[in-house]
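pasting the sequence and the predicted coordinates here, then a few questions.
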Amino acid sequence: LVPGKDGEHEYVYVSSYSPSERFPNCQPPHDKISIIEVPLADPAAAAVVNEPELFPDGGHRRTTGCHDITVYPERDIAAAACLGDGLLLDTSDPAEPRVVDRVQDPNFAFWHSATFTNDARNVVFTDELGGGSAATCTEEIGPERGADAVYSLDLGGASPELGFRSYYKLPRHQTETENCVAHNGSLIPVPGQDFFVQSWYQGGVSVIDLTDPDRPVEIGHFDRGPWKPDTLSTAGSWSAYYYRGHVYSSDIQRGLDVLKLTDPRLSEAENVRMDEFNPQSQPSFPSPR
């Protein structure tokens, strides 16, 4: 969701991937997104106003559209995770986003989602190796696949650029019967710091300090253990989002887990109030006074 500049329209970026000749409206090649303009006075009149081609050269051989797009409206930027590519977009004209940088990584199998730090100096991309159903948090897979990749944003030049800084992977090996890989999360709004809470399927929930983008470290975690100890099956935390001192984690098999965070480093976040919270239309929170 991207707010319009005139206060009269909102824009919705729709990502899709894996086209097929069998599909009437998603034929290959498919390297675009759809942009819907919603007039606030008449939402029923919403319509597609643009279908920008993000990969005119075809992109990575695995790229067939985008999986997730996170916009940061206050900064007029967006990060798009597009299977084989990571993109940085200029959204100053919400109906006409422009690709300003593109990155690839041989360790990434499936660029899945992205989150900016509050100051927009860094962005965390996730790699959903195995599509969420594989046991990738093992010693054999290692610390650089199925992980987060932290990129710094250089906004000082004529064109913004993404620069790789580090990987973060769940620091505990999981069993061969636990599907586990980097998945959905959100910032914890501590002014002046970069804390991130993230789901890892049966790897549970990880709370990460990203303040040093070269050395992200875990400062807390929650793990229920394997859903079926003897059989690999899909389970665990699909998403983990922070609000007012708690993390709300949607466990695929067991339901909703509400986790209380008591680390004193995170206490300031309990005082942050937002009119609304949408992790993919990322709100900013106040800077320290």
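That came through fine. A quick note: this is a predicted structure, and the numbers were derived from the prediction, not measured.

how about the strands of the stretch 1-150 of the chain, start to end?
According to DSSP state E, counting those that start in this stretch, the stretch 1-150 of the chain carries its strands in the segments 2-3, 9-14, 34-39, 47-50, 68-72, 77-82, 85-90, 98-103, 111-116, 122-127, 148-154.

so what's Gln198 bridging to?
Gly185, Ser206 (DSSP bridges).

mind putting the strands of the stretch 1-150 of the chain in JSON lines, mean neighbour count and mean pLDDT included?
Yep, even glycine has a C-beta here, placed from its N, CA and C like the rest. Listed next are those as JSON lines, based on neighbours: other C-beta atoms under 10 Å; pLDDT from 0 to 100:
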{"stretch": "strand 2-3", "mean neighbour count": "18", "mean pLDDT": "95"}
{"stretch": "strand 9-14", "mean neighbour count": "18", "mean pLDDT": "97"}
{"stretch": "strand 34-39", "mean neighbour count": "16", "mean pLDDT": "98"}
{"stretch": "strand 47-50", "mean neighbour count": "13", "mean pLDDT": "98"}
{"stretch": "strand 68-72", "mean neighbour count": "23", "mean pLDDT": "97"}
{"stretch": "strand 77-82", "mean neighbour count": "26", "mean pLDDT": "97"}
{"stretch": "strand 85-90", "mean neighbour count": "22", "mean pLDDT": "97"}
{"stretch": "strand 98-103", "mean neighbour count": "16", "mean pLDDT": "96"}
{"stretch": "strand 111-116", "mean neighbour count": "25", "mean pLDDT": "97"}
{"stretch": "strand 122-127", "mean neighbour count": "26", "mean pLDDT": "98"}
{"stretch": "strand 148-154", "mean neighbour count": "21", "mean pLDDT": "96"}
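
can you redo these as a markdown table with distance to Tyr248?
Conversion of the strands of the stretch 1-150 of the chain to a markdown table gives the following (distance: least, C-beta to C-beta, whole Å):
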| stretch | distance to Tyr248 |
| --- | --- |
| strand 2-3 | 24 |
| strand 9-14 | 23 |
| strand 34-39 | 27 |
| strand 47-50 | 32 |
| strand 68-72 | 18 |
| strand 77-82 | 22 |
| strand 85-90 | 27 |
| strand 98-103 | 31 |
| strand 111-116 | 16 |
| strand 122-127 | 18 |
| strand 148-154 | 20 |
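
the ones you listed: which one's closest to His246?
Of all the strands of the stretch 1-150 of the chain, it is strand 111-116 that lies closest to His246, at 18.5 Å by C-beta to C-beta.

elements contacting the closest one?
strand 68-72, strand 77-82, strand 85-90, strand 122-127, strand 185-188 (3 or more C-beta pairs under 8 Å, 6 or more residues apart in numbering; DSSP states H and E).

distance to Ser237 for those strands - can I get that in JSON lines?
Rendered in JSON lines, the data for those read as follows (distance: least, C-beta to C-beta, whole Å):
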{"stretch": "strand 68-72", "distance to Ser237": "17"}
{"stretch": "strand 77-82", "distance to Ser237": "19"}
{"stretch": "strand 85-90", "distance to Ser237": "23"}
{"stretch": "strand 122-127", "distance to Ser237": "13"}
{"stretch": "strand 185-188", "distance to Ser237": "10"}
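
closest one to Pro216 among the ones you listed?
Short answer: strand 122-127, nearest of the helices and strands packed on strand 111-116 by C-beta to C-beta, at 8.4 Å.

so what strands line up beside that closest one?
Paired neighbours of strand 122-127 in the sheet (DSSP bridges): strand 111-116 (antiparallel), strand 148-154 (antiparallel).

run through the residues that contact Tyr17.
By C-beta atoms under 8 Å, 6 or more residues apart in numbering, the contact list for Tyr17 reads His30, Thr64, Gly65, Cys66, His67, Cys82, Leu83.

same question, Trp238
His183, Asn184, Ser199, Tyr201, Ser250, Asp251, Ile252 are the contacts of Trp238 under C-beta under 8 Å, 6+ apart.

below-threshold pLDDT in the protein: ranges please.
Applying pLDDT under 70 to the chain picks out residues 287-289.

try it again with 90
18, 25-30, 56-59, 61-62, 154-160, 271, 273-277, 285-289 (pLDDT under 90).

returning to what we had before: ok, of the contacts of Tyr17, which one's closest to Pro264?
Distance to Pro264 across the contacts of Tyr17 (C-beta to C-beta) is lowest for His67, with 36.0 Å.
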